[in-house]
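**Q** Structure for the following, please:
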Amino acid sequence: MVNVRRVSVIVPTNNRPQLLRDALVSIRALEGPDLTFEILVGDNGANPQTPVVVSEMGGRYFKVDKPGAAPARNAGLSAATGDYIAFLDDDDIWLPENIRPHLALLEARPEIDAVIGQVIYTDKDLNPIGPPVPALSPGEGDAMLREMLGEWFPQVGACVARNSVRETVGQFPAKHIHGEDVEWFLKLAQTRKVAFQNTACILFRGRPSGSFDELNRSRTKAGRRIFLRYGLAEWRIWRSIPEFLRGYRAKLIHFYQYFFDAARDRRQAGNLRAAIVALADAAYVFPFRLVATVLTPGPVKRAIKARAQHDRA
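**A** As a prediction, the model looks like this:
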């Protein structure tokens, strides 16, 4: 007799019905005699096509008044009836190899509450831009928590958890618009009951470089707040002060590099004002690193010099 697993899949969405349809199709494509999905879509947008798409794909629709992915995910989390819970954002795609290896590991290790897999980052058209990440296992217990506090940004679409995490971990923090998924993962990792599955699970759709400044400003603030909150609360996981500082750098260096690259590209495009704004954002992330960089000859230093000459003219 086939053991049929029922998984509740939670999908937040906001005014992207076509992308949502593609995401839901990728979920349904994995169903089979051994696996069924309960699709739960939390919508805090206003596109009338969204509930139509959800209905066509056999999902349950929840209208959510509060902004942000956290309230949308929480609506589905509260209603989930499956033995397991999985996630997918409305602009990402599940790969055919997803889910079953996670479930096999959860069934083989009853002490584990959740399993996280690999992600393939793509451009806006879902063309891969690199190999699956993380390339190496982040380990378990304290090692995994250190990796999450550092450079590893686990994606919710690569996670499968037991339904019991609703009680042990709770809902996604909804106080802040950004960082709620990272914070939820850290709360999950604090249980020391999370394992890693070396399987590429999702295509994670990226955005063109330099096209989402405001989002990264918010993510910078969230990353700093979350690192300091959990990094200090879990101080014992750090084996030295330098390791703590390296973790802090790793958590924020992506944002610094985004703004630094944006400043360079905008300078080369002749947009000096926008380049200076991006430099100011980079300075907010790592001021001393930026000072050291601009003292070295290069396009950033030339941009600052050109701007100063322009203002004196």
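**Q** show me where this protein has strands.
**A** Assignment of strands within the chain using DSSP state E yields the ranges 5-13, 35-43, 60-63, 84-87, 93-94, 114-122, 159-162, 194-205.
**Q** Mean pLDDT and mean neighbour count added to the ones you listed, as CSV?
**A** Just so you know, the C-beta spots here come from the backbone N, C-alpha and C atoms, and that holds for glycine as well. Supplementary listing: these in CSV, determined by pLDDT from 0 to 100; neighbours: other C-beta atoms under 10 Å:
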stretch, mean pLDDT, mean neighbour count
strand 5-13, 97, 24
strand 35-43, 98, 22
strand 60-63, 98, 17
strand 84-87, 98, 25
strand 93-94, 98, 22
strand 114-122, 97, 22
strand 159-162, 97, 23
strand 194-205, 96, 21
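**Q** Do a quick rundown of the helices in the chain.
**A** Assigned by DSSP state H, the chain shows helices spanning 17-28, 49-56, 69-79, 100-108, 142-149, 165-168, 180-189, 213-233, 241-268, 272-285, 287-294, 299-312.
**Q** in the fifth one, what's buried?
**A** This means helix 142-149. Within helix 142-149, the residues that qualify as buried are 144, 145, 146, 147, 148, 149, counting by 16 or more other C-beta atoms under 10 Å.
**Q** who touches that helix?
**A** Identification of contacts with helix 142-149 by C-beta atoms under 8 Å, 6 or more residues apart in numbering yields 134, 138-139, 154, 182, 185-186, 189-190, 192, 194, 196, 227, 230-231, 234, 237-238, 243, 247, 251.
**Q** can we see that at 6 Å?
**A** Taking C-beta atoms under 6 Å, 6 or more residues apart in numbering as the criterion, the residues outside helix 142-149 that touch it are 138, 185, 186, 189, 194, 227, 231, 237, 247.
**Q** One more: the first one?
**A** Identification of contacts with helix 17-28 by C-beta under 6 Å, 6+ apart yields 9, 13, 37, 47, 49-50, 53, 57, 88, 90-91, 93-94.
**Q** how far out from the middle of the chain is stretch 249-260?
**A** With C-alpha atoms, centre = their mean, to the nearest Å as the basis, the distance from the averaged C-alpha position of stretch 249-260 to the chain average is 15 Å.
**Q** May I see the buried residues of that stretch?
**A** Neighbour-count burial for stretch 249-260, with 16+ other C-beta under 10 Å as criterion, is recorded at 250, 251, 252, 253, 255, 256, 258, 259, 260.
**Q** my read: the last one touches residue 282, true?
**A** Yes - with contacts defined as C-beta atoms under 6 Å, residue 260 counts as touching residue 282 at a distance of 4.8 Å.
**Q** which neighbours do those two share?
**A** Taking C-beta under 6 Å, 6+ apart as the contact definition, residue 260 and residue 282 share no neighbouring residue.
**Q** I figured residue 70 hits residue 176, correct?
**A** No - contact between residue 70 and residue 176 fails when scored by C-beta under 6 Å: they sit 8.1 Å apart.
**Q** Of the two, give the one with the bigger neighbour count.
**A** With neighbours defined as other C-beta atoms under 10 Å, residue 70 and residue 176 compare such that residue 70 has more, 27 against 15.
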